[in-house]
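Engineer: no sequence on hand, only this structure:
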Ligand SMILES: O=P(O)(O)OC[C@H]1O[C@H](O)[C@H](O)[C@@H](O)[C@@H]1O
């Protein structure tokens, strides 16, 4: 099988953009690691961000090491793997190994549930490229403490993945933990085919070799300066609808992976959503309608391993390995077509800074919430009819009941407000679509739903708790959004489920 884009609409604008990519020799220059493609201002960063175009040899050697580790863990009875990592350090493994347990939440219940795993048979992968991400470091501290409390040596059970020389690597070395490094010249959201995507997935039983082999087979086609190159076609068809058609609906199917859209969300939103421009990817769960219920212009994409042409929108077809590389190349091409630097995420840091300032202050506990009626009034009066609404849900995302309820709310808001409604689980979305919320087109409204009802959970070695961290993250993001002129309706409730039920009834 070779990857393909099926059913794309080819208008004059599309042909012009495709012709530009071919004549500027975008694809061959990308695979030759030409850092000048995105202009002088972007070239210094690009010079250290193109490692992912040449992935095969390192990936295969990492997979062998991970397979050996999987056997040695199994030999001592460890069959349960938990991954702690945010954004680029967890989204690819979630897609590659759907059975992998991932902790990327600071909600106290989610943390407690992960810690209550059968630790005697568990190993934990702590994954952070920078080695400084607060959620991941807090999860590491919590697991270290939990292992020690059960008389288990944490060094035997915690496996670290990080860039060479990071603080996390130093910590792993000094405490005798196993550490995998990845190519530091590959950014987090482009790291699916490096140690970040592969090690946790292989430990959880996935076939890493097949994934890498599929991607490697697609490489010659994707590096060709040709109007038949599916990555160039994908970039041109998405860019042709801009700026009006900035929403990209992603519908996965069981032939590929139902969660693949979540990985694309981070890749596209962080890479393109800046300088007031960008494409907002919204991943829909199977069976959800999307565009049928709103009026904002959107492109509908069907993600599949089959070769079927969809009734609406277009399909991107290929195996997972092929599609990882295809979307990475298309995203880099979108950077060129939009005139943005695809390798930065300038607005993510601002929310992190604001969250750090909030920790330990009284403010995070005292903000008043609107009643459900007031919240709906606020949303109705601030929604831009050509824009979007994003729900930012700080809830226990590992609870299926909570997820279902929030999905129901998303659907109903979409039908009643007639705009696309994106759904991000906090703090996961901060490392993904959070970039475009703050840095992209200023047409979004935001609904923060914060569950403040859970019993709190200490972060070992720190003065703060997971609950405080979660509140600070929500409020830090809201502060930056408001500074940028976006409307944010913040609901913080000890009875959030009841609150959402009332919203559903009143809509
Ligand atoms: O892997 P880490 O360094 O912990 O980074 C995790 C995530 O952090 C940030 O929020 C970046 O915006 C993401 O692109 C990155 O994937």
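Structural biologist: Okay, I see it. As the structure is a computational prediction, the values presented were derived from the model and not from experiment.
Engineer: contacting residues for residue 263?
Structural biologist: Neighbouring residues of residue 263 by C-beta atoms under 8 Å, 6 or more residues apart in numbering: 91, 92, 94, 95, 192, 324. The way it works is simple: take the backbone N, C-alpha and C, and place the C-beta from them, glycine included.
Engineer: let's see it at 6 Å
Structural biologist: Residue 263 makes contacts with 91, 92, 95, as judged by C-beta atoms under 6 Å, 6 or more residues apart in numbering.
Engineer: could you find the closest non-adjacent residue to it?
Structural biologist: residue 91 (4.5 Å; C-beta to C-beta, 6 or more residues apart in numbering).
Engineer: and the one you found, how far from the ligand?
Structural biologist: Taking C-beta to the nearest ligand atom, to the nearest Å as the measure, residue 91 falls 8 Å from the ligand.
Engineer: need the contact list for that residue.
Structural biologist: Going by C-beta under 6 Å, 6+ apart, residue 91 touches 262, 263, 266.
Engineer: take those and keep only those in helices.
Structural biologist: 262, 263, 266 (DSSP state H).
Engineer: looking at residue 469 now. What's its pLDDT?
Structural biologist: On pLDDT, residue 469 comes in at 95.
Engineer: swap in the one 3 residues further on?
Structural biologist: In the predicted model, residue 472 carries a pLDDT score of 94.
Engineer: now it. Nearest residue, chain neighbours left out?
Structural biologist: In space, residue 472 is closest to residue 358, 3.9 Å off (C-beta to C-beta, 6+ apart).
Engineer: residue 385 - how many residues pack around it?
Structural biologist: 11 (other C-beta atoms under 10 Å).
Engineer: pLDDT wise, what is it at?
Structural biologist: Value for residue 385, per-residue pLDDT: 91.
Engineer: from residue 423, how far off is it?
Structural biologist: Using C-beta to C-beta, to the nearest Å, residue 385 is found at 20 Å from residue 423.
Engineer: as a check, name the ranges of all helices in the stretch 251-400 of the chain.
Structural biologist: 260-272, 320-338, 348-358, 363-366, 372-382, 400-417 (DSSP state H, counting those that start in this stretch).
Engineer: quick check: mean pLDDT of the fourth one?
Structural biologist: What it means is helix 363-366. Throughout helix 363-366, pLDDT has a mean value of 63.
Engineer: spell out which residues of the stretch 351-500 of the chain are next to the ligand.
Structural biologist: Neighbours of the ligand within the stretch 351-500 of the chain, by C-beta under 6 Å from any ligand atom: residue 431.
Engineer: oops, could you answer that again for the stretch 201-350 of the chain instead?
Structural biologist: 270, 345, 348.
Engineer: next, residue 492: secondary structure please.
Structural biologist: strand (DSSP: H, G, I helix; E, B strand; the rest coil).
Engineer: gap between it and residue 79?
Structural biologist: In this view, residue 492 and residue 79 are 39 Å apart by C-beta to C-beta.
Engineer: residue 185 now?
Structural biologist: Relative to residue 79, and taking C-beta to C-beta, residue 185 is found at 35 Å.
Engineer: which one of the two is surrounded by more residues?
Structural biologist: residue 185 (17 against 13).
Engineer: contacts only, for the closest residue to that one other than its chain neighbours.
Structural biologist: Among residues not flanking residue 185 along the chain, residue 51 sits closest, at 3.4 Å (C-beta to C-beta, 6+ apart). Going by C-beta under 6 Å, 6+ apart, residue 51 touches 183, 185, 186.
Engineer: mind putting these in CSV, secondary structure included?
Structural biologist: Putting the contacts of residue 51 into CSV (three-state DSSP) gives the following:
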residue, secondary structure
183, coil
185, coil
186, coil
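Engineer: how's this structure carved up into domains?
Structural biologist: What automatic domain parsing lists as the domains of the chain is 4-25+225-338, 53-210, 348-506.
Engineer: so which bits of the helix or strand that residue 212 is a member of are buried?
Structural biologist: Following DSSP states H and E, one finds residue 212 within helix 208-222. Within helix 208-222, the residues that count as buried by 16 or more other C-beta atoms under 10 Å are 208-209, 211-219, 221-222.
Engineer: ok, then the element right after it?
Structural biologist: Counting by DSSP H and E, what follows helix 208-222 is helix 230-240.
Engineer: quick check: buried residues in that following helix?
Structural biologist: Here helix 230-240 shows 230, 231, 232, 233, 234, 235, 236, 237, 238, 239, 240 as buried, counting by 16+ other C-beta under 10 Å.
Engineer: with stretch 62-71 instead?
Structural biologist: So, applying 16+ other C-beta under 10 Å, buried residues of stretch 62-71: 62, 63, 66, 69, 70.
Engineer: also within reach of the ligand: list those from these.
Structural biologist: Okay, of these, nothing touches the ligand (C-beta under 6 Å from any ligand atom).
Engineer: quick one on the thing from earlier: any idea of the mean pLDDT for the helix holding residue 212?
Structural biologist: For helix 208-222, mean pLDDT rounds to 98.
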